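*Asks:* need a structure here:
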Amino acid sequence: MATLRQLEYLVTVVDQGSFTRAAELLHVTQPALSHQIRALERSAGGPLLERLPKNLRLTPTGRAMLPHARAALADAERARCAARQAAGLETGELQIATLYSVSLGILPAALKAWRRQYADVGIRLFEHRHTDELAEAMTTGQADLAIGPSPAAWTGSTHRLGIEEFVVVLASDDALASSDGEQAISLTELAERAWVHYTPGHGLADLLDQACAQAGFQPRIAVRTEQTAAAPALAAAGLGPALVPANILPAGFDGLVLRPDPPICRTLTAYTRGTPDSLSAAFIEVIQAAWPTIPGTKPG
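*Replies:* Presented below is the predicted three-dimensional model:
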């Protein structure tokens with residue numbers, strides 16, 4: 001039977017890529033660490049790690065065990081926090097996994113409302129680039145709940161929040177700027193432009209490519225950025241059009257903002273591995289109530 005300590009040792013060795021560094025971090029001797037890993041391997045029925053000359057590599061058995069080890073450690077930490085909270089030793093912490101763009105545009109209003117009602121409950125954010133990465137992190141037990149697009153074939157609990165709208169940003173002096181107040185644009189009008197794009201693996205890179213494909217073209221790239229917040233700034237500087245969530249634009253944004261026609265939107269949800277615990281359920285209620293106050297969103 002694997003122990004939590006053995007699972008912690010395995011996760012630490014994998015994350016550090018070295019028995020030596022893991023032993024230092026865990027404050028144990030390297031022989032003691034190796035002994036516990038061997039005991040875990042006996043319990044698992046085979047090797048978990050392949051020891052290479054310069055690094056370590058998980059075996060198929062190790063790859064199968066690792067997400068469950070992470071989930072077990074995360075559940076144990078939440079159990080510890082819940083017990084300490086019940087004993088009056090700490091006020092608790094809600095762990096939320098989300099996307100970078102959501103933490104930038106959606107969550108501030110919800111967290112502001114949360115703080116007014118639950119000032120003594122801490123929030124820890126885990127931010128990810130892509131919906132698939134977010135769902136995988138939730139599966140392995142990283143956080144209490146996730147805020148983002150609903151993952152495919154999710155077997156846990158899902159709560160619909162609403163619709164997030166996207167806009168096209170250009171420089172304020174772009175030739176498409178109109179004095180008649182026209183704010184709509186078809187992406188086909190931008191087919192010959194070089195775009196402010198996102199780095200591969202970024203969820204918004206996929207969204208932009210899909211939107212352009214539906215409009216009948218593949219976007220040429222002027223620049224790629226890892227940071228969602230940088231995209232509108234680069235577009236406003238004249239590097240090319242950018243497709244961004246409307247809610248990330250700051251007040252008084254110095255750029256031309258156009259509404260895609262047809263609209264480009266995505267539905268956001270809150271989801272958990274099982275039935276939401278009391279804190280997660282409370283946060284879902286708070287963000288649902290705050291949704292109408294978030295710019296660039298609508299019910300749905």
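*Asks:* shouldn't Arg70 be in contact with Thr12?
*Replies:* No - using CB atoms under 8 Å, Arg70 makes no contact with Thr12, being 11.0 Å away. (Each C-beta comes from the backbone N, C-alpha and C, glycine too.)
*Asks:* okay, now Trp291: neighbour count?
*Replies:* Residue neighbour count, defined by other CB atoms under 10 Å, stands at 19 for Trp291.
*Asks:* could you find the closest non-adjacent residue to it?
*Replies:* Gly162 (4.8 Å; CB to CB, 6 or more residues apart in numbering).
*Asks:* ok so, going back, which neighbours do Arg70 and Thr12 share?
*Replies:* Both Arg70 and Thr12 lack any common contact, where contact means CB atoms under 8 Å, 6 or more residues apart in numbering.
*Asks:* for the residue nearest to Trp291, what are phi and psi?
*Replies:* As for Gly162, its main-chain torsions (degrees, to the nearest 10) stand at phi 160, psi -170.
*Asks:* give the contact list for it.
*Replies:* Contacts of Gly162 by CB under 8 Å, 6+ apart are 267-268, 291, 297-300.
*Asks:* repeat for Arg224
*Replies:* Taking CB under 8 Å, 6+ apart, one finds 197-199, 205 in contact with Arg224.
*Asks:* for the residues you listed, which one is nearest Gln30?
*Replies:* Ranked by distance to Gln30 (CB to CB), the contacts of Arg224 are led by Thr199 at 37.9 Å.
*Asks:* isn't Tyr198 up against Pro219?
*Replies:* No - under the criterion of CB under 8 Å, Tyr198 makes no contact with Pro219, lying 10.7 Å away.
*Asks:* quick one, which of those two is more surrounded?
*Replies:* Neighbour comparison, Tyr198 and Pro219: the larger count goes to Tyr198, with 27 against 23 (by other CB under 10 Å).
*Asks:* and that one, what are its bridge partners?
*Replies:* Beta-bridge partners of Tyr198, counted by DSSP bridges, are Thr225.
*Asks:* what's the pLDDT at it?
*Replies:* Note on Tyr198: pLDDT of 96.
*Asks:* for Cys81, same thing?
*Replies:* Reported pLDDT for Cys81: 68.
*Asks:* tell me the SS of Ala205?
*Replies:* For Ala205, the assignment made with DSSP: H, G, I helix; E, B strand; the rest coil gives helix.
*Asks:* now do Ser34
*Replies:* Put simply, Ser34 is helix when judged by three-state DSSP.
*Asks:* Leu243 too?
*Replies:* strand.
*Asks:* same check on Gly201?
*Replies:* Look at Gly201: counting by three-state DSSP, its state is coil.
*Asks:* neighbours around it, how many?
*Replies:* Gly201 has 12 nearby residues by other CB under 10 Å.
*Asks:* can you name the residues in contact with the helix or strand encompassing Glu136?
*Replies:* Assessed by DSSP states H and E, Glu136 sits inside helix 131-139. Identification of contacts with helix 131-139 by CB under 8 Å, 6+ apart yields 67, 71, 97-99, 126, 128, 143, 145-146, 148-149, 151, 154, 156, 203, 271-273.
*Asks:* no further queries at this time; thank you.
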